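In: with the sequence up front, the predicted model follows.
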Amino acid sequence: LVGVVANQRLAQKFGDLVLQDASRAFREDVVAYIGQYGSWQAAIAQESFRAFVTRTRGLDGRSPGVPGTPPPPRMDRSASGPPAGAMPPPGRQRPPFRFLLVDPAGVALTKSSPYEVGDAVAQEDRRKSLPIVVKGETVAYMVPRGEVIYSDMDRGYIAAVRDALLFGCIAAALLAIGLGLFLGTRLSSSLRTLSNVIEQTQKGALGLHAAVRSNDEVGALARAFNQMSSELAHSHEKLRASHAQIEAQAAAMHELSVRDSLTHLHNRRHFDEQAGELCAKSRRSERPLAVMIGDIDHFKQINDRFSHAVGDAVLRQVGEVLRQNTRATDLVARYGGEEFVIAFADTSLDQAAMLCDKLRTAIAAHAWHEVHPDLRVTISIGVAALRRDDKLDKVLGLADDLLYLAKASGRNQVRAEVLDAAALTDETPVAEEAGNARL
Ligand SMILES: Nc1nc2c(ncn2[C@@H]2O[C@H](COP(=O)(O)OP(=O)(O)OP(=O)(O)O)[C@@H](O)[C@H]2O)c(=O)[nH]1
């Protein structure tokens, strides 16, 4: 498109130059002609314009613009020739235009189809006329007629310029295509890199950076993304740390809520929850489960005789003995006051009774003299086993009854259930059942 427009402009400009050149020559001839004879009419009476031009310019009688003279081909106007617009040496050039000469009143002074000398020239044709001034007075108007006719040299010039233009256009188009392809490929590669990184970030990979180093819009986009990615990773790391801290705090709080603050054994609420689940599990799997309740003997006296602080120390150390002498799968808790409970998972009544006796012995043999030289501590224990359809309350109640039996039988002993629990009723004094218990 640029080539077509430039070509048209070139042809137009060239035509304008040719017209200017021819106009100048024609005007000079008319001015000289009228200047010599005073007026056109006086001049024409003396000598024809063509004869004048032939004489003065040395042309072959077919003067530029002379009516009826076909425009001959133009000759070379190279740098060695006359200045542009001036007439060339005789025989070398004929301007390609013919001119109609019109007097100031609009009457044709020369013949030029469709006008004869003396015809009134149409307003439309006169619109293109150029004034011819002699001694400050407009003596006539010249109207260019016909189309520009180029010389071989002109055509050569135009063809050369057109070729150069075509070459320039093709080269520019090829350059534009090449540059477009290069930039397009570079752009799409940068965008692909960036979109890959964004996709991976979307899938959860944090802290990724897009390796786009260009300084264009994509480079700016990549730098903004990298910045955002770093900030996101940093925020995520902070969030993760804070989440871990909250989780640790929640775990610590949960631990506090399920622990007894004095002995650090589990508390009663936690025991009830967990032992309830153990019971359900045991029933489902038909595996044995035993529960013991232990109560420190004459603990009130310990408090009263040795102080409350010694009483607390006794509770702590009894708890420690229980912890050290049980398995991780046993659920050990302080049930309240000086009372302790243990749920023995996967343990028969006989095994539990033996374990409890071991605990009883360990507590009695503990180095209580280190707390106070006169201190002696023993524990009484009741043990019961879970039976089909029993719930935790039932088995705990039975163990408690057996504990009461152990206390009643002289303390520092273990009582394990051997009879159907139905035999132990509220009305039946437990001590009377002592003979039905063993250990
Ligand atoms: N030091 C201390 N004493 C406690 C704590 N909890 C309960 N006690 C005391 O434990 C004592 C329990 O006394 P009792 O229920 O009469 O039983 P006992 O003196 O152990 O007598 P028997 O169980 O019959 O051997 C009470 O005096 C309570 O005040 C505690 O956390 N620390």
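Out: Looks like it arrived, so ask away.
In: going by C-alpha atoms from here, please, whenever you check contacts or count neighbours.
Out: OK.
In: pLDDT weak spots in the stretch 101-250 of the chain?
Out: Within the stretch 101-250 of the chain, the stretches with pLDDT under 70 are 148-149.
In: show me the helices in it, by range?
Out: Here the stretch 101-250 of the chain has its helices, by DSSP state H, counting those that start in this stretch, at 123-126, 152-202, 217-258.
In: packing partners of the last one?
Out: Packing contacts for helix 217-258, counted by 3 or more C-alpha pairs under 8 Å, 6 or more residues apart in numbering; DSSP states H and E, involve helix 152-202.
In: give me the residues contacting stretch 346-361.
Out: 282, 287-292, 321-322, 325, 344, 378-381, 383-385, 412-417, 439 (C-alpha atoms under 8 Å, 6 or more residues apart in numbering).
In: can you tell me if it touches the ligand.
Out: No. Stretch 346-361 stays clear of the ligand (C-alpha under 6 Å from any ligand atom), getting no nearer than 13.8 Å.
In: just the C-alphas of that stretch, formatted as PDB.
Out: Extracted C-alpha coordinates of stretch 346-361, given in PDB (Å, rounded to 0.1, in the frame of the first residue of the first chain):
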ATOM      1  CA  ASP A 346      -6.100 -56.900  76.800                       C
ATOM      2  CA  THR A 347      -5.600 -58.100  80.400                       C
ATOM      3  CA  SER A 348      -7.500 -60.800  82.200                       C
ATOM      4  CA  LEU A 349      -8.700 -60.400  85.800                       C
ATOM      5  CA  ASP A 350      -5.900 -62.700  87.100                       C
ATOM      6  CA  GLN A 351      -3.200 -60.800  85.200                       C
ATOM      7  CA  ALA A 352      -4.600 -57.500  86.500                       C
ATOM      8  CA  ALA A 353      -4.800 -58.800  90.100                       C
ATOM      9  CA  MET A 354      -1.100 -59.800  89.900                       C
ATOM     10  CA  LEU A 355      -0.200 -56.400  88.400                       C
ATOM     11  CA  CYS A 356      -2.100 -54.600  91.000                       C
ATOM     12  CA  ASP A 357      -0.400 -56.500  93.800                       C
ATOM     13  CA  LYS A 358       3.000 -55.600  92.200                       C
ATOM     14  CA  LEU A 359       1.900 -52.000  92.300                       C
ATOM     15  CA  ARG A 360       0.800 -52.300  95.900                       C
ATOM     16  CA  THR A 361       4.100 -53.800  96.800                       C
END
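In: related to what we said a few turns ago, give me the buried subset of the contacts of stretch 346-361.
Out: Neighbour-count burial (16 or more other C-alpha atoms under 10 Å) applied to the contacts of stretch 346-361 gives 282, 288-292, 322, 344, 378-381, 383-385, 412-417.
In: mind listing which of these are in helices?
Out: S282, L322 (DSSP state H).
In: show me what contacts G3?
Out: The neighbours of G3, taking C-alpha under 8 Å, 6+ apart as the test, are L165, L166, C169.
In: good, we can wrap up now.
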